[in-house]
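Chemist: A predicted structure for the sequence below; I have some questions about it.
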Amino acid sequence: MANHRLTPLAAGLLGAGIAVAGSAGALSLNPSDWFKKDKASDTTAPPAPPTQLAANTPSPVVPVAPTNANGIAPVAAPNFRSIVKQYGPAVVGVTVEGMHKASAEEQGLPPGAEDDPFFQFFRGIPGFGQRGRRGGSPEVPFRGQGSGFIIDNAGTILTNAHVVREAKEVTVKLQDRREYRAKVLGLDPVTDVAVLRIDAKGLPAVRLGDPKQIEVGDPVLAIGAPYGLEQTATQGIVSAKGRSLPGDSTVVPFIQTDAAVNPGNSGGPLFDGAGNVIGINAQIYSQTGGYQGLSFAIPIDVALKVKNQIVATGKASHARLGVQIQDLNQTLAESFGLPRPDGALVAQVAPGSAADKAGLKSGDVITEVNGEPVVRGGELSSRIGLASPGEKVKLKVWRDKAQREVEVKLGSADERSERAAAGDDEADGARLGLALRPLSPAERSRAKLEHGLVVEDVGGPAARAGVAPGDVLLAVNGKPVDSVDEVKGLLKSKPKNVALLIERDGERIFVPVRLG
């Protein structure tokens, strides 16, 4: 059975083919607002003087919208034509150029050779392809395309980080076909948000909304350049809120929609029915790489928080609690004495982390953060990840069948030493999914190992391949590893498969992990 996969939406154009590469103003939910005309044509008649009624004259009848059996009045459809006309000019195309690692075919290797985790051991042997000047895969020029939107008259543009990552040159094309060279002010791989700026005056801009006000079932509109087809508008509804994606960063509480988006839509705006931007289209969930009814957008309030940090400092920072968490089910909830399976169960606390210093323990269930309920583990990860390092948060914790409050001073995700999701910098989302830390001297002595990394947490491709917490990673593709940086270095070539040498219970095995 084919595996589903999350696909960033930037379209990379190579040769003749197209390949998939990998806060806010108030929001009006008044249906009458959806039909307001453009300001240039909107006219309002002066109010009529009050009518004097003669005696015994019946009061005027005020029409009431019909309701169904449940007393719910029908809601008029939004005027998408007006939204496209007014805000479509603020949606831009983003074209990028740069260098990337050559594919197997471009290196003279047999088609699909990069899918074999052991094939690269034969690189350098005559007849098995050519290597780059420094022993790695050669780099070739690439050209890609995504979308973006202007948020102010100063020429500030929001798009996805994966659209502009590694780009040497970024060009922005407006609806009227004018083109500008853009400067990348900064990008944040954690939230997949990037901020661009162009030097132009009198630019159109979108109106920003509040994604917290939308509900499942509300209408939405996406505008972008799928497969390079500029100014394409598609519509749908909000399918879910606060979605944590499997195998992906849980910092972003994605808005799920059924609006059709495809490669090239990356970075484009998601509008609500009143014409406010509530998100940035970022990913799709697909078996084919194309749209299959599941689209995900970054809430605009998340993007604006990142934008403000980038504009002020050139980068974004994220807080870290230092716990490994999991969702509760009914059986777990009952075993901990909870009436419902709500909350984030702490499975492990990282030594020396903010959680450790605050006294959190394995088996604690975090039910609130600063007074806001936590129903699922992804909600905790999102609220902590979007907080600032050094910020103090109050947690409600269920322990020993009693509620207690714990105050935690959050650490920085940039300073974490024992945990690193190997491959976080991959533009196509092909993460290994391992949280690693170096072996301690005592562990080295006890296991009689000279090198290796302890697997503290596992998810995504590595979990599907059978890697488990407590395993010791000794080598990647035959190269011994002793630090997280070494693992990341071996993944810079973006392989589709890797072979991990794992030691478990005194035995060593190779575990092939498919990344692509």
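Modeler: Ah, there it is. Not measured: the values here are computed from a predicted model.

Chemist: Just read off the phi/psi values of E503.
Modeler: phi -110, psi 130 (degrees, to the nearest 10).

Chemist: contacting residues for it?
Modeler: 447, 449, 452, 471-472, 474 (C-beta atoms under 8 Å, 6 or more residues apart in numbering). Bear in mind the C-beta positions are built from the backbone N, C-alpha and C, glycine included.

Chemist: ok, 7 Å please
Modeler: E503 is in contact with 452, 472, 474, counting by C-beta atoms under 7 Å, 6 or more residues apart in numbering.

Chemist: Including neighbour count, could those go into a markdown table?
Modeler: Converted to a markdown table, these look like this (neighbours: other C-beta atoms under 10 Å):
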| residue | neighbour count |
| --- | --- |
| G452 | 23 |
| V472 | 20 |
| L474 | 19 |
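
Chemist: residues near Q348, how many?
Modeler: Q348 has 17 neighbours, counted by other C-beta atoms under 10 Å.

Chemist: then the one helix or strand it maps to to CSV, C-alphas only?
Modeler: Assessed by DSSP states H and E, Q348 sits inside strand 344-349. Listed next in CSV are the C-alpha coordinates belonging to strand 344-349 (Å, rounded to 0.1, in the frame of the first residue of the first chain):
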residue,chain,number,x,y,z
ALA,A,344,0.1,15.9,27.1
LEU,A,345,1.7,12.9,28.8
VAL,A,346,5.4,13.5,29.7
ALA,A,347,7.2,10.3,28.6
GLN,A,348,10.7,11.6,29.3
VAL,A,349,12.4,14.7,30.7
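
Chemist: Next, the distance between the ends of stretch 463-482.
Modeler: One end of stretch 463-482 to the other measures 21 Å (C-alpha to C-alpha, to the nearest Å).

Chemist: Show the average pLDDT along that stretch.
Modeler: For stretch 463-482, the mean per-residue pLDDT is 88.

Chemist: Could you do stretch 388-397 as well?
Modeler: 94.

Chemist: Show me what the strand or helix carrying S382 is packed against.
Modeler: For S382, the host element (DSSP H and E) is helix 377-385. In terms of contacts (3 or more C-beta pairs under 7 Å, 6 or more residues apart in numbering; DSSP states H and E), helix 377-385 is packed against strand 323-327, strand 365-369.

Chemist: One more pass at 8 Å, please.
Modeler: Helix 377-385 sits against strand 232-243, strand 319-320, strand 323-327, strand 344-349, strand 365-369, with contacts defined as 3 or more C-beta pairs under 8 Å, 6 or more residues apart in numbering; DSSP states H and E.

Chemist: immediately after the worst-scoring helix or strand of the chain on mean pLDDT, which helix or strand?
Modeler: Ranked by mean pLDDT, DSSP states H and E, the weakest helix or strand in the chain is strand 17-20, scoring a mean of 28. Helices and strands here follow DSSP H and E; after strand 17-20, the next one along the chain is helix 80-87.

Chemist: With just CA atoms, put that next one into PDB.
Modeler: The C-alpha coordinates for helix 80-87 follow below in PDB (Å, rounded to 0.1, in the frame of the first residue of the first chain):
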ATOM      1  CA  PHE A  80     -14.900  35.500  -3.800                       C
ATOM      2  CA  ARG A  81     -14.900  37.500  -7.000                       C
ATOM      3  CA  SER A  82     -14.700  40.800  -5.000                       C
ATOM      4  CA  ILE A  83     -11.800  39.300  -2.900                       C
ATOM      5  CA  VAL A  84      -9.800  38.300  -5.900                       C
ATOM      6  CA  LYS A  85     -10.400  41.700  -7.600                       C
ATOM      7  CA  GLN A  86      -9.400  43.700  -4.500                       C
ATOM      8  CA  TYR A  87      -6.500  41.600  -3.100                       C
END
